[in-house]
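Peer 1: Generate a structure from the sequence data that follows.
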Amino acid sequence: MLTKTFGSALVGIHASIITIETHVGQGSKCYLVGLPDSTIKESIQRVESAIKQIGYFFPRRKVVINLAPADVRKEGSGYDLPIALGLLQASEQTKMTRLSDFLIMGELSLTGEIRPIKGALSMAIEAKKQGIHSLILPRENALEAALIEGLQIFGMDNLRDTIRFLHGRPQAAIKRDHVLPSSPPYMSDFSQIKGQEKAKRAIEIAVAGSHNLLLVGPPGAGKTMMAQRIPSIMPPMSLEEIIETTQIHSIVGKLSTDHPLVTERPFRALHHSITSTALIGGRTNPQPGEISLAHQGVLFLDELPEFQRNVLELLRQPLEERKVPISRAHGTVEFPANFLLISAMNPCPCGYFHHPEKPCTCKPYQVDRYLHRISGPLLDRIDMHLEVFPLGYSDMFKSHESESSQVIRERIGIARDIQKARFKEMSIRTNAEMNSVQVKEICVLDTTSTSLLRNAIEKLQLSARAHDRILKMARTIADISQTKEIQPKHLAEAINYRNLDRENWSG
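Peer 2: Residues are numbered from 1 along each chain as shown. Model prediction:
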């Protein structure tokens, strides 16, 4: 007898529908075909044990299991459940009339328990595109799949309950209305940071318009402390952003049973020993890297010059295009990488170059060599450069209360709403994502501002890319001020955040 069930294969962050054809006939061997990897080949042993545990038997006849289309490589243990159900149906041990109505995925233990899989959200998205509106998944994956509207998601705990459900036992589907948990309050707050008003202002602008930021200063100036509090001022994620981000984390198995959805913007703080593959993704079957895991959130690189130069240079294209393509012999996949880059560094090897009190012990050539670990092209792609200086004793213990993250977040939320309305007919969300054509149309300057920008470009010898990034920053500053037009003061502040370009780094 021939039986068909439906599963799904992952290609990058996307999925494709796989038809699992099972035929039981005359003979004595079991064949599993259709480009399965070794994990899928081992599923026969898991399936045999699981079905025996619930009172069925593995047929001692010829069994052919085909994963179609045969030219798409399949990986992972998620095919255990559809293979087991197809095998029981094809061997006529049970009759499940609605078996072909579902997309079914799940790993089986030897006792028949169903274990979670990777990429359930991508599978749900593709199932809806292909007209499959009912899915049977492990219970741990049901919440993430239920994000997709118009689908019935049934979470299962074991093989026995799945068979009973397919025999007609009623079970409630997971409702989308109940899958979005509220975000917990942040323990770290900007009110805990004394002084550093200029740096906090720069961070506010960076978050409001998604502009990349580099903080340069001596040890103890508060660079890392401020960066770690950035998640507390970021705007809440929309449902579309939650789906995008959860999809990436699901692919790499980063979702936990306690937090099956990514409802807080990611904050990925990387160590300088990271490899190129871990940063941008890769492997034989390409997987997302850290820059994709930071999608819709923050990528924080502390001690920037300590990273390997070849690793840092890989950031250049993703910073520009907000995606990362990975090519392999069987094709190219693209992972999204729309992140806010926040980086920090010391100004020299000893850390005290330009310090107001402590002398620098580095030779001039050592300072120059240290700063030149960051290439000009990469620096040019970082919108904002800011020197941060340590506070004096009196400033650290002032009784004046700093602004809370809640107050800053509200201003950022207003600026983001303005951008949302501005770009509602476009495929972008923030000012930093504008291309050169959009910059020309949206960032219009008056005569005074045009002259100011021209003088700054000539004096600082800035590139055309830096010119556009200054305009984008000025537009964000105007949005924070809720001003329709870019004024000279907005442009002047934006220009001030480019004062660490290559010509001035060691001057």
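Peer 1: so where is the stretch 351-500 of the chain shaky, pLDDT-wise?
Peer 2: 393-400, 499-500 (pLDDT under 70).
Peer 1: what ranges do the helices span in it?
Peer 2: Assigned by DSSP state H, counting those that start in this stretch, the helices in the stretch 351-500 of the chain fall at 364-371, 376-380, 393-396, 405-422, 436-442, 447-460, 464-480, 488-496.
Peer 1: Of those helices, flag the one that's most buried.
Peer 2: By mean neighbour count, with neighbours taken as mean count of other CB atoms under 10 Å, helix 464-480 ranks first of these at a mean of 22. Where you see a C-beta, it was placed from the backbone N, CA and C, and this is true even at glycine.
Peer 1: From the chain's centroid, how far away is it?
Peer 2: In terms of CA atoms, centre = their mean, to the nearest Å, the centre of helix 464-480 is found 25 Å from the chain centre.
Peer 1: Dump that helix to PDB, restricted to CA.
Peer 2: Extracted C-alpha coordinates of helix 464-480, given in PDB (Å, rounded to 0.1, in the frame of the first residue of the first chain):
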ATOM      1  CA  ALA A 464      30.000  60.600  -0.700                       C
ATOM      2  CA  ARG A 465      28.900  57.800   1.600                       C
ATOM      3  CA  ALA A 466      29.700  59.900   4.700                       C
ATOM      4  CA  HIS A 467      27.700  62.800   3.000                       C
ATOM      5  CA  ASP A 468      24.600  60.700   2.800                       C
ATOM      6  CA  ARG A 469      25.000  59.300   6.300                       C
ATOM      7  CA  ILE A 470      25.300  62.800   7.800                       C
ATOM      8  CA  LEU A 471      22.000  63.700   6.000                       C
ATOM      9  CA  LYS A 472      20.300  60.600   7.400                       C
ATOM     10  CA  MET A 473      21.500  61.500  10.900                       C
ATOM     11  CA  ALA A 474      20.300  65.100  10.500                       C
ATOM     12  CA  ARG A 475      16.900  63.700   9.500                       C
ATOM     13  CA  THR A 476      16.800  61.500  12.600                       C
ATOM     14  CA  ILE A 477      17.700  64.500  14.900                       C
ATOM     15  CA  ALA A 478      14.900  66.500  13.300                       C
ATOM     16  CA  ASP A 479      12.500  63.600  13.900                       C
ATOM     17  CA  ILE A 480      13.500  63.500  17.600                       C
END
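Peer 1: Who are the packing partners of that helix?
Peer 2: Other elements packing on helix 464-480 under the criterion 3 or more CB pairs under 8 Å, 6 or more residues apart in numbering; DSSP states H and E are helix 197-209, helix 405-422, helix 436-442, helix 447-460, helix 488-496.
Peer 1: any idea of the mean pLDDT for stretch 56-70?
Peer 2: Summarised as a single mean, pLDDT over stretch 56-70 is 93.
Peer 1: Kindly provide the distance from S188 to A146.
Peer 2: 31 Å (CB to CB, to the nearest Å).
Peer 1: Contacts only, for the spatially most central residue of the chain.
Peer 2: In the chain, the centroid-proximal residue (CA atoms, centre = their mean) is H295; its distance is 2.8 Å. Residues in contact with H295 (CB atoms under 8 Å, 6 or more residues apart in numbering) are 244-245, 248, 266, 336-339.
Peer 1: make it 10 Å
Peer 2: Contact analysis of H295 by CB atoms under 10 Å, 6 or more residues apart in numbering lists 13, 241, 244-245, 247-249, 262, 265-266, 268, 288, 322-323, 335-339.
Peer 1: picking up where we left off before, need the helices and strands packed on helix 464-480 in a markdown table (columns: distance to V47).
Peer 2: Supplementary listing: the helices and strands packed on helix 464-480 in a markdown table, determined by distance: least, CB to CB, whole Å:
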| stretch | distance to V47 |
| --- | --- |
| helix 197-209 | 50 |
| helix 405-422 | 49 |
| helix 436-442 | 54 |
| helix 447-460 | 67 |
| helix 488-496 | 62 |
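Peer 1: circling back to that earlier point, okay if I get the helices of the stretch 351-500 of the chain as TSV plus distance to I193?
Peer 2: Output for these, formatted as TSV (distance: least, CB to CB, whole Å):
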stretch	distance to I193
helix 364-371	26
helix 376-380	26
helix 393-396	10
helix 405-422	10
helix 436-442	33
helix 447-460	30
helix 464-480	19
helix 488-496	21
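Peer 1: Looking at the ones you listed, which is nearest to V207?
Peer 2: helix 405-422 (5.5 Å; CB to CB).
Peer 1: CA atoms of stretch 9-22 as PDB?
Peer 2: Listed next in PDB are the C-alpha coordinates belonging to stretch 9-22 (Å, rounded to 0.1, in the frame of the first residue of the first chain):
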ATOM      1  CA  ALA A   9      13.000  20.900   4.500                       C
ATOM      2  CA  LEU A  10      15.000  24.000   5.400                       C
ATOM      3  CA  VAL A  11      17.100  26.000   2.900                       C
ATOM      4  CA  GLY A  12      18.700  28.900   4.700                       C
ATOM      5  CA  ILE A  13      15.900  30.600   6.700                       C
ATOM      6  CA  HIS A  14      13.200  29.400   4.200                       C
ATOM      7  CA  ALA A  15      11.500  26.100   4.000                       C
ATOM      8  CA  SER A  16      10.100  23.900   1.200                       C
ATOM      9  CA  ILE A  17       7.400  21.200   1.300                       C
ATOM     10  CA  ILE A  18       8.600  17.600   1.200                       C
ATOM     11  CA  THR A  19       6.300  14.700   0.300                       C
ATOM     12  CA  ILE A  20       7.100  11.600   2.200                       C
ATOM     13  CA  GLU A  21       5.900   8.600   0.200                       C
ATOM     14  CA  THR A  22       5.800   5.200   1.900                       C
END
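Peer 1: so how far is it from its chain's centroid?
Peer 2: Chain-centre distance of stretch 9-22: 22 Å, with CA atoms, centre = their mean.
Peer 1: in that stretch, what counts as buried?
Peer 2: Within stretch 9-22, the residues that count as buried by 16 or more other CB atoms under 10 Å are 9-18, 20-22.
Peer 1: picking up where we left off before, out of the helices and strands packed on helix 464-480, the one nearest E140 is which?
Peer 2: Of all the helices and strands packed on helix 464-480, helix 405-422 sits nearest to E140, with 31.9 Å by CB to CB.
Peer 1: now the closest one against helix 464-480, angle please.
Peer 2: Interaxial angle of helix 405-422 relative to helix 464-480 (axes from the mean of the first three to the mean of the last three CA atoms, to 10 degrees): 110 degrees.
Peer 1: tilt between helix 405-422 and helix 197-209?
Peer 2: Using the same axes, to 10 degrees: helix 405-422 against helix 197-209 is 40 degrees.
Peer 1: Quick check: G86 vs L135, distance?
Peer 2: 16 Å.
Peer 1: now swap in P488 and tell me
Peer 2: 57 Å.
Peer 1: quick one: pLDDT of the residue lying farthest from the centre of the chain?
Peer 2: Note on the chain: the largest C-alpha distance from the chain mean falls to Q26, namely 50.0 Å (CA atoms, centre = their mean). Note on Q26: pLDDT of 89.
Peer 1: Give the closest residue to it in space, chain neighbours not counted.
Peer 2: K62 (6.0 Å; CB to CB, 6 or more residues apart in numbering).
Peer 1: Report the beta-bridge partner residues of that neighbour.
Peer 2: G25 (DSSP bridges).
Peer 1: Let me know whether it touches T22 as I believe.
Peer 2: No - if you go by CB atoms under 10 Å, K62 and T22 don't touch, sitting 11.5 Å apart.
Peer 1: so the nearest residue to M156 once chain neighbours are set aside is in which element?
Peer 2: Nearest non-adjacent residue to M156, counting by CB to CB, 6+ apart: T162, 4.7 Å away. Here T162 sits within helix 159-166, counting by DSSP states H and E.
Peer 1: what separates that helix from the chain centre, distance-wise?
Peer 2: Centre-to-centre, helix 159-166 and its host chain are 35 Å apart (CA atoms, centre = their mean).
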